[in-house]
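1. A predicted structure for the sequence below; I have some questions about it.
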Amino acid sequence: MKEFLNVRIHPTADISGDAHIGQGTIIWHNVQVRENATIGRDCILGKGVYVDFDVVVGDNCKLQNGVSVYHPAVLEDGVFLGPGVILTNDYYPRAVNPDLSLKSADDWAASSSHVGTGASVGAGSTVLPGVNIGSWAMIGAGTVVTHDVPMYGLMYGNPGRLIGYVCPCGHKLVRETTRLHRCPTCQRELLIED
């Protein structure tokens, strides 16, 4: 593993010279970071991660092995993407046009996904194009996220369903009143609009 400006990059990683990598970030085996991607400070990109062009990854993010993040996705600070998570960008995926000519960059429009501060997406989940995941939300493993997830939202299933809310510490919140939720673990209280 090479060290360069307080960034550790494994020799098998393919990092574009036009990418921006924050100090303290660790990039493991066979990672690809494309042109104009921005990776924040103190991130960890596990083996086989793919970060497409123009993607923005905030500080203190952890992308586990085999994650794929397609442009123009934005991950805020402290985001966790479990092994094999995919953030997609194409509502109408086709290799070719109706005349069987190979599609080019001009033949489709990418839709961005946005993942808020502190949110976690569990292993093997797929986030569809244009979906926004709120800050501190938690997505269970294997979920297909077809619609937006609110702040603190707890979602799982295929398709994903909102089944409650979670605390920033990661535990499921208990509803005290219509809006007031309390964490039984850390005792934090949060006001949440359904």
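-> Done, it's in. Numbers count the residues shown, from 1 in each chain.
2. Report the residue spans of the protein with pLDDT below the cut-off.
-> Across the chain, the stretches falling below the confidence threshold (pLDDT under 70) are 1-5.
3. what about Gly17, distance to Val33?
-> Relative to Val33, Gly17 is positioned 10 Å away (CB to CB, to the nearest Å). Bear in mind the C-beta positions are built from the backbone N, C-alpha and C, glycine included.
4. In terms of neighbours, single out the busier of those two.
-> Here Gly17 and Val33 are set side by side on neighbour count (other CB atoms under 10 Å), and the busier one is Val33, at 28 against 5.
5. give me the beta-bridge partners of Leu87?
-> Under DSSP bridges, the beta-bridge partners of Leu87 are Val69, Val127.
6. Distance-wise, check it relative to Leu63.
-> When CB to CB is the yardstick, Leu87 and Leu63 sit 10 Å from each other.
7. Show me whatever sits in contact with both of those two.
-> Both Leu87 and Leu63 are in contact with 69, 81, where contact means CB atoms under 8 Å, 6 or more residues apart in numbering.
8. Thought Val145 was touching Val131, still the case?
-> Yes: using CB atoms under 8 Å as the test, Val131 is close enough to Val145 to be in contact (5.4 Å).
9. Between the two, tell me which one has more neighbours.
-> Using other CB under 10 Å, the more surrounded residue of Val131 and Val145 is Val145, with 26 against 21.
10. Test my guess that the more buried one contacts Ala137.
-> No: here Val145 lies out of contact with Ala137, judged by CB under 8 Å, at a distance of 9.6 Å.
11. Gly116 - nearest residue in space that isn't next to it in sequence?
-> Distance criterion CB to CB, 6 or more residues apart in numbering; nearest residue to Gly116, sequence neighbours excluded, is Ser135 at 3.5 Å.
12. Great, nothing more from me.
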